[in-house]
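>>> Just to be clear, the model below is a prediction. Sequence and coordinates:
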Amino acid sequence: MTLADPTEATGSLGATALEARGLGKRYRRGWALRDCSFRLPAGRICGLVGPNGAGKSTLLGLATRLVTPTEGDLRVFGVPVDDPSAMPRFAFLSQDKPLFKRFSVADTLRMGQELNPGWDMAAAERIVRSGNVPLEAKVGTLSGGQRTRVAFALAFGKRPDLLLLDEPMADLDPLARDEMGSLLMSEAVERGTTVVMSSHMLAELEDMCDFLLVIADGRLRMAGDTDELVPAHTLVTGLAPDGTPPADLTPHSVVEFRLQGRQFRALLRPGGPLAPDWEVSEPSLEEVLLAYLRSPDAEPLFTHDARVEDARIRTEGIAAA
Ligand SMILES: Nc1ncnc2c1ncn2[C@@H]1O[C@H](COP(=O)(O)OP(=O)(O)OP(=O)(O)O)[C@@H](O)[C@H]1O
């Protein structure tokens, strides 16, 4: 599912919003992100998923120049991120959403206007008003959900082509999360904004995202269209009387193999016909994600749209749709 025609926002067919090649960041303790290569087509809503410490914030930091890469290259709409012309094209909303508490909501939006040449005050005010947030209220007196709404208004008022969000809804109650999710989707779809959103909430990702970047232990494990990633897999259950993987599994690419008594359960990318005595089912997005996150040695998977021509990444293609 492509949520909006990317050409409306970018003026170029098939534009790439974000492209990483061999991107890496090393701290004294070790690599936070390594060998990261992918392409995110414009107009997608992309979920950035992975366990704590996986490298998600590092990737967002590299995209916003808050973090300097140790190696590799990252481009925003074809322009290196450290090029000044890349700056006006993206907006970033960090986990802590820094806002001046003593400013009123109206002051906050005026500040947005002064700092951003392409500012869209009508859009920013619409986002604030649709949540019944009073423009004259001081930011420090707002609830967490209302503050998040103001932060969203600041981000969308900038009219970014690429919106980067670091766990934007983590501190919201389910109702506010649902409201903010709908707001984010409708604003992004209306303008063809590309969104990259890190999140630990699988349901949120399933509802909102049509593209996924899955990171574990600083490495990209899976990247591409949700609609292609999940159906590339099959869950099978069968007998494993001697407690080892049966020979029937050999033609398939096994992402995860688990023994349950005399039975096994495996998540596969089928490489041929499945054994007739296996019980077969379609996995959910959650089952696929968890299997990859638990199996660091499984071959990473990139859909056609997510691949860059980089010999350093091992890719196994899914036929282009
Ligand atoms: N400034 C830093 N100095 C040293 N190590 C860092 C720094 N920032 C991040 N790291 C390390 O890099 C790794 C990746 O961290 P990162 O914050 O990118 O993970 P994350 O996926 O965003 O995690 P979380 O879900 O917990 O927010 C971690 O091991 C972390 O300790």
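Looks like it arrived, so ask away.

>>> can you list the domains in the chain?
Domain assignment for the chain by automatic domain parsing gives 6-227, 234-282.

>>> now, of those, which is deepest in the fold?
Highest mean neighbour count among these (mean count of other CB atoms under 10 Å): domain 6-227, with a mean of 19. From N, CA and C alone the C-beta is placed, and that goes for glycine too.

>>> returning to what we had before: compare the domains of the chain and give me the one nearest the ligand.
Taking CB to the nearest ligand atom as the criterion, domain 6-227 is the member of the domains of the chain that comes nearest to the ligand, at 3.1 Å.

>>> is the closest one up against the ligand anywhere?
Yes. Using CB under 6 Å from any ligand atom, domain 6-227 reaches the ligand at 27, 29, 32, 50, 52-58.

>>> Redo these as JSON lines? Include pLDDT and secondary structure.
Compiled in JSON lines, those are given as follows (pLDDT from 0 to 100; DSSP: H, G, I helix; E, B strand; the rest coil):
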{"residue": "27", "pLDDT": "96", "secondary structure": "strand"}
{"residue": "29", "pLDDT": "91", "secondary structure": "coil"}
{"residue": "32", "pLDDT": "97", "secondary structure": "strand"}
{"residue": "50", "pLDDT": "92", "secondary structure": "coil"}
{"residue": "52", "pLDDT": "91", "secondary structure": "coil"}
{"residue": "53", "pLDDT": "92", "secondary structure": "coil"}
{"residue": "54", "pLDDT": "93", "secondary structure": "coil"}
{"residue": "55", "pLDDT": "95", "secondary structure": "coil"}
{"residue": "56", "pLDDT": "94", "secondary structure": "helix"}
{"residue": "57", "pLDDT": "93", "secondary structure": "helix"}
{"residue": "58", "pLDDT": "95", "secondary structure": "helix"}
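
>>> Which one of those is nearest to residue 299?
Checking these against residue 299 by CB to CB gives residue 50 as the nearest, at 17.3 Å.

>>> Distance check, that closest one against residue 289.
Counting by CB to CB, to the nearest Å, the gap from residue 50 to residue 289 is 9 Å.

>>> Give me the common contacts of these two.
residue 214 (CB atoms under 8 Å, 6 or more residues apart in numbering).

>>> All the helices of the chain, in order from the start?
With DSSP state H as the definition, the chain shows helices at residue ranges 6-10, 56-63, 105-115, 121-129, 144-157, 174-191, 202-208, 226-229, 285-294.

>>> weakest of these in terms of mean pLDDT?
Comparing the helices of the chain by mean pLDDT, the weakest confidence falls on helix 6-10, with a mean of 39.

>>> TSV for the helices of the chain, including distance to residue 88?
Compiled in TSV, these are given as follows (distance: least, CB to CB, whole Å):
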stretch	distance to residue 88
helix 6-10	14
helix 56-63	14
helix 105-115	11
helix 121-129	16
helix 144-157	13
helix 174-191	15
helix 202-208	25
helix 226-229	29
helix 285-294	34
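
>>> closest to residue 218 out of those helices?
helix 56-63 (7.9 Å).

>>> With just CA atoms, put the closest one into CSV.
As requested, the backbone C-alpha atoms of helix 56-63 are provided in CSV (Å, rounded to 0.1, in the frame of the first residue of the first chain):
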residue,chain,number,x,y,z
LYS,A,56,17.3,3.1,16.0
SER,A,57,18.0,6.5,17.6
THR,A,58,21.5,6.3,16.1
LEU,A,59,20.1,6.0,12.6
LEU,A,60,17.7,8.9,13.3
GLY,A,61,20.6,10.9,14.7
LEU,A,62,22.7,10.3,11.6
ALA,A,63,19.7,11.4,9.4
